[in-house]
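Asker: got a sequence here, can you model it:
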Amino acid sequence: MTASTRVLAVAFVAVVGAFIGSTLLVQRSARVIEVDAAAISRDAAPSVQLVSDLRAEIRELQARVVRVVAGREPPDEVAQSRRKVDELLERAVSLPTDSNEAIMLGKLHSAIRAFDEVAERALEQARGGHVDEARETVRGELRQRGDAASAIAHELVLYNVQAAEQAAQRIEAARHQGNRFAWQLDALCVLIALLAAWLTFRAMRHMQRVHHERHELAQRKAEELEQFASRVAHDVLSPLSAVSLALAVAERNPSEAREAFSRARSSLSRVRRIVDGLLEFARAGARPELGARAEVRAVAAGLLDELGPFAAQRHAELRFDDVPEVAVACSSGVLLSLLGNLLRNGIKYLGSAEVREVSLRVRERRGRVTFEVEDTGPGVPPELGNRIFQPYIRGPNTGAPGIGLGLATVKRLVESHGGSLGVRAGSRGGALFWFELDEALPPSGIPYDEVRTVPPDLSPSHRSSQTGP
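Answerer: Model prediction:
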């Protein structure tokens, strides 16, 4: 997963989280508003209305008792008013209340009962003919009880008004807080959306760039394949044409058959070298063999025997410095291919040098083994540099046989085994090719000294046969 993909995933999760968070916040605010609105509509407002009506009815009952005692009104009106007071008190008590409101309602209930008892006593006195006593009860005790009940009712009204105001304030605060958080979450969602859009744009640009690069790579590969096919066709058809010509000469002039067949064999040998070079180059991209090891001294000894005649034909000297007893992490065939390509190249490209020598040096260094192949030829032109390791790249003005795949094979083999390589000017004016490979671990449970073999002597005095230039 790329960094852009991870950020897009985080942005998506953040948007979803912001949406869920805003929903939860709205629900929480809605619950607060719902509770406070219910408190106002079901408790505070009805309580204010009922207690206000009850207070007014107490005053009305007091006035009717006064008129009945004075003989200006029939007693039936008082009974009707008392029933209305009882009804209003019962409805007020049945409303939802908190602890303070319940206490105040209890006080109001007691005050109304006391008021009603005084009113009943005044009426009894009036019915018994004690009008003066009744009037005195009304002026003194009834008025006092009525004022007390009215005061408690007034306090209860104020308490409910205050509770309604507080609930309204909480509703307003919840609404403002919900709006503020909603705007903040909306802004966060917008920012995240912009970030996601920018990342999506970048990802699309990156995909387009990758697609374009892959398209260009495919085109380059197609061009390289076309060049490869053209080069192979040319390099293979040329010696085959020579074979065909030699066979035609042998058919027409039997006396020249031996020489013609010799030329044909030489041309076929060149075709074999070309095909072998292509096959080796193709195989060079394979993965290294797991746990492979190659004894360097044994491989070097075999190469010295194999390349000695090849060097002698070109009046060259092969010089192998003292090769240490060490193993590298590759197969013996891979090491043979690496050293064989470099040594053959060194011999082939000596040109017209007076001193004709190709040297191999091997050194151990911090778990790696360094190989150096140095020749006394004209060297690699500076403008080529490491391009010399690319396929079909050859030095200028060379008539040596080959199609430019040897060094490319070396590069692919070394890099596929986790090594490194390069070329520089040697101390004797020629080219110095080098590469490094990891030193192989000894087999499990066997001391390293016991797995080393001692091949033939490869000291500086051991050289291939030569004929001087």
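
Asker: measure Trp198 to Ala187 for me?
Answerer: Separation of Trp198 from Ala187 (C-beta to C-beta, to the nearest Å): 17 Å. Where C-beta positions appear, they are placed from N, C-alpha and C, glycine not excepted.

Asker: what do you get for Ala56?
Answerer: Ala56 is 54 Å from Ala187, by C-beta to C-beta.

Asker: repeat for Leu245
Answerer: 86 Å.

Asker: so which of the two has more stuff around it?
Answerer: Neighbours were counted for Leu245 and for Ala187 using other C-beta atoms under 10 Å; Leu245 has more, 14 against 11.

Asker: can you report phi and psi for the more buried one?
Answerer: Here is the backbone geometry of Leu245 (degrees, to the nearest 10): phi -70, psi -40.

Asker: now the helices for the stretch 101-250 of the chain?
Answerer: Using DSSP state H, counting those that start in this stretch, the helices found in the stretch 101-250 of the chain span residues 131-137, 143-252.

Asker: which of the ones you listed has the lowest average pLDDT?
Answerer: Across the helices of the stretch 101-250 of the chain, helix 143-252 has the smallest mean pLDDT, namely a mean of 79.

Asker: distance check, Arg252 against Val369.
Answerer: Separation of Arg252 from Val369 (C-beta to C-beta) stands at 57 Å.

Asker: kindly report the domain assignment for this structure.
Answerer: Per automatic domain parsing, the domain ranges recorded for the chain read 3-200, 289-451.

Asker: just those domains: most buried one?
Answerer: domain 289-451 (a mean of 18; mean count of other C-beta atoms under 10 Å).

Asker: tell me the mean pLDDT over that domain?
Answerer: In this model, domain 289-451 has an average pLDDT of 84.

Asker: quick one: distance of it to the chain centre.
Answerer: Relative to the chain's own centre, domain 289-451 is displaced by 43 Å; criterion: C-alpha atoms, centre = their mean, to the nearest Å.

Asker: ok, what's across the strand from the closest residue to Gly367 other than its chain neighbours?
Answerer: In space, and not counting its chain neighbours, Gly367 is closest to Glu439: 5.3 Å by C-beta to C-beta, 6 or more residues apart in numbering. Taking DSSP bridges as the rule, Glu439 bridges to Val328.

Asker: does Glu439 touch Ala329 like I think?
Answerer: Yes: look at Glu439 against Ala329 with C-beta atoms under 8 Å: they come within range, at 7.0 Å.

Asker: and the strand or helix carrying Val10, what other elements does it pack with?
Answerer: For Val10, the host element (DSSP states H and E) is helix 3-39. Contact here means 3 or more C-beta pairs under 8 Å, 6 or more residues apart in numbering; DSSP states H and E; on that basis helix 3-39 packs against helix 143-252.

Asker: and the contacts of stretch 422-430?
Answerer: With contacts defined as C-beta atoms under 8 Å, 6 or more residues apart in numbering, stretch 422-430 is touched by 346, 350, 353, 355, 357, 374-380, 385-386, 388-389, 431-435.
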